[in-house]
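> Predicted model and sequence below, questions to follow.
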Amino acid sequence: MSIIKYCLAAFATVSCMVATAQGGVVEREYWLDNNVQSQSLGTSPATLDISSLPAGLHWFTMRVKDDQGIWSPVMTRAFIIPNEIDNTTATSIQRREVWIDSNIVGRQAIGASPVTLDISSLSVGLHTLTMRVQDDLGYWSTTVTKYFIIPEAAVEDDVELVSYCYWFDDDVANMVVGTLPVSGKVVSGVIDIDMATVPTSGQITVNWIIGDSKGIWGFYLGEINSATFVNNRGDVNMDGTTSIADVTALIDYLLSGNDTGIDLAAADTNLDEGVSIADVTTLIDYLLSGTW
């Protein structure tokens with residue numbers, strides 16, 4: 001093992017010295033750690049032999065006295081002496097230990113990675129796994145801790161998807177609930193969405209969730225399923241708005257039969273899959289009331 005001597009260079013730089021007209025530093029003293037038995041120190045720079053100190057954190061404290069006999073406030077600095085390591089010997093990991101939660105007494109040695117640990121006896125909930133390694137010089141590393149969760153045991157129930165509900169935009173209060181088309185345990189068929197309940201024209205978001213036979217509603221990855229579409233109902237002339245101009249365009253179409261510049265799907269305002277004078281009435285009612 002090589003012997004390393006550590007020397008601390010002490011520089012007598014004290015800005016808090018009490019000065020006088022004839023003042024000057026006449027004496028300097030220092031001490032290490034809590035050993036207040038001070039020792040005299042020469043002028044700056046001075047070299048101290050600290051090779052006898054153990055490894056770890058230490059403190060160097062110093063003060064000076066002027067020719068009036070007044071001592072300055074003390075100045076303290078921290079320094080660290082590291083562990084001595086024989087750099088001529090290569091180190092390698094010789095031992096690995098792990099423990100669960102705070103059970104350091106029950107720590108166990110493990111082999112090289114990957115390692116399988118038996119955690120079948122642990123309770124449900126949050127746990128910690130802590131590990132450390134030791135080299136061939138006997139030094140232990142700092143610990144590394146990771147969190148993991150043991151979930152509740154999954155219970156398989158004989159349930160079926162039986163219902164659905166949907167609503168537009170944020171209008172949850174007026175959600176529509178229906179029964180899924182189910183054949184055995186297979187959901188098949190088409191779910192009809194009542195577009196008559198769409199509150200306005202323009203961009204609309206439809207949100208939906210599915211329920212099972214136990215009355216539990218399901219979410220996809222914690223989020224409600226949704227889709228956005230544009231409702232152009234009543235925008236007969238395709239200008240992006242629903243107004244009295246659409247009433248005029250719809251009447252012109254009914255009189256002339258010319259559908260140039262006309263969106264016939266949007267003109268079916270009463271949703272009866274046809275365009276007639278009844279759609280004009282429905283469109284006027286919407287413009288007066290704001291609802292379809």
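Great, that's in hand.
> residue ranges of the helices in the stretch 101-250 of the chain, please?
Here the stretch 101-250 of the chain has its helices, by DSSP state H, counting those that start in this stretch, at 244-256.
> Low-confidence ranges, it, go.
For the stretch 101-250 of the chain, applying pLDDT under 70 flags the ranges 154-156, 183-185, 195-202, 220-222, 229-231.
> repeat that for 90
111-115, 120, 135-140, 151-243, 246, 250 (pLDDT under 90).
> Could I get the phi/psi values of Ala278?
Backbone torsions of Ala278, given as degrees, to the nearest 10, read phi -60, psi -30.
> what does the one 10 residues further on give?
Note on Leu288: its backbone torsions stand at phi -80, psi -40 [degrees, to the nearest 10].
> cool, Leu264 as well?
phi -60, psi -30.
> Can you give me the neighbour number for the spatially closest residue to it that is not a sequence neighbour?
Among residues not flanking Leu264 along the chain, Val275 sits closest, at 5.9 Å (CB to CB, 6 or more residues apart in numbering). Quick note: C-beta positions are derived from backbone N, CA and C, even for glycine. Val275 is flanked by 21 other residues according to other CB atoms under 10 Å.
> residues contacting Val275?
Contact partners of Val275, counting by CB atoms under 8 Å, 6 or more residues apart in numbering, are 250, 253-254, 264, 267-268.
> Pick the one among those residues closest to Val124.
Nearest to Val124 among the contacts of Val275 is Asp268, at 57.2 Å by CB to CB.
> Can you give me the pLDDT of the closest one?
pLDDT recorded at Asp268 is 87.
> residues near it, how many?
19.
> what about it, distance to Asp192?
16 Å (CB to CB, to the nearest Å).
> got it, and Ser256?
The separation that Ser256 has from Asp192, given CB to CB, amounts to 34 Å.
> cool, Thr43 as well?
Taking CB to CB, one finds Thr43 at 98 Å from Asp192.
> repeat for Thr142
Noted for Thr142: a distance of 64 Å to Asp192, by CB to CB.
> Run through the bridge partners of Val187.
Beta-bridge pairing for Val187 (DSSP bridges): Val182.
> so what's it up against?
161, 180-181.
> how about the residues you listed in TSV, adding neighbour count?
TSV is the format used below for those (neighbours: other CB atoms under 10 Å):
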residue	neighbour count
Leu161	15
Leu180	16
Pro181	12
